[in-house]
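Chemist: Sharing a model that was predicted from the sequence below.
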Amino acid sequence: MIQRFLLFIKQTVTPSISAQLAARSWCVGMFVAWSPFLGLQTILAIILSYFFSLKASITLTASFMINNIWTVIPISLANYNFGLFLFEKVLHRTPPKNPAFFAPIELWLQTRLAIPTPSLWPFLIGGTILAFIISCAAYPFVKRFLLYFSKH
């Protein structure tokens with residue numbers, strides 16, 4: 001499996017695809033994977049790839065490798081807790097009230113998962129900010145990784 005992954009990396013960085021373009025595509029895929037817009041991530045990856053002139057295949061691969069059935073719950077919890085931290089510790093406010101359409105979901109979260117007061121806004125705002133921070137912070141490392149493994 002490691003050999004297949006290294007072969008994928010070598011095929012990713014070619015004369016027609018620079019390491020910078022591949023790294024940008026991968027980091028946008030990371031942003032999409034960490035974004036709180038569950039269910040819209042494939043569409044979001046394709047739209048962002050088109051608007052930023054990136055390789056959609058790399059963006060989708062990164063998105064699906066990072067956010068999969070094993071990681072969706074930890075990523076969602078990290079998004080929610082980061083948003084809650086932003087509201088309570090940084091802004092010193094309670095999150096705004098949930099919209100009316102969120103009431104059945106809120107009831108389900110309270111009864112099934114024992115979350116006392118789930119709020120949509122920390123999840124959306126915290127998830128978007130966290131996704132942006134992670135994808136921007138990863139860019140230099142991804143670029144260096146792609147440059148190194150494309151030469152070896």
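Modeler: Now that the structure is in, tell me what you want to look at.
Chemist: number of nearby residues for Ile125?
Modeler: Look at Ile125: counted by other C-beta atoms under 10 Å, it has 19 neighbours. (C-beta placed from N, C-alpha, C; glycine too.)
Chemist: Ser49 now?
Modeler: 21.
Chemist: Now it: closest residue in space that isn't a chain neighbour?
Modeler: Ala56 (3.9 Å; C-beta to C-beta, 6 or more residues apart in numbering).
Chemist: hmm, which helix or strand of the protein has the shakiest average pLDDT?
Modeler: Every helix and strand in the chain was compared by mean pLDDT, DSSP states H and E; the lowest is helix 2-12, with a mean of 71.
Chemist: ok now do the residue most central in space within the chain, which residues does it touch?
Modeler: What sits nearest the mean C-alpha location of the chain, by C-alpha atoms, centre = their mean, is Trp34, with 1.8 Å. Trp34 makes contacts with 66-67, 75, 79, 127, 130-131, 134-135, as judged by C-beta atoms under 8 Å, 6 or more residues apart in numbering.
Chemist: Of the residues you listed, which belong to helices?
Modeler: Counted as lying in helices by DSSP state H, out of the contacts of Trp34, are 66, 75, 79, 127, 130-131, 134-135.
Chemist: so which of these would you say is closest to Phe85?
Modeler: Using C-beta to C-beta, Leu130 is the member of the ones in helices among the contacts of Trp34 that lies nearest Phe85, at 9.9 Å.
Chemist: Please, which helix or strand holds the closest residue to that closest one other than its chain neighbours?
Modeler: Among residues not flanking Leu130 along the chain, Phe82 sits closest, at 4.6 Å (C-beta to C-beta, 6+ apart). Per DSSP states H and E, Phe82 falls inside helix 72-85.
Chemist: buried sites along whatever helix or strand comes next after that helix?
Modeler: Scanning forward in sequence from helix 72-85 by DSSP H and E, the next helix or strand is helix 103-112. Neighbour-count burial for helix 103-112 flags Leu109 (criterion: 16 or more other C-beta atoms under 10 Å).
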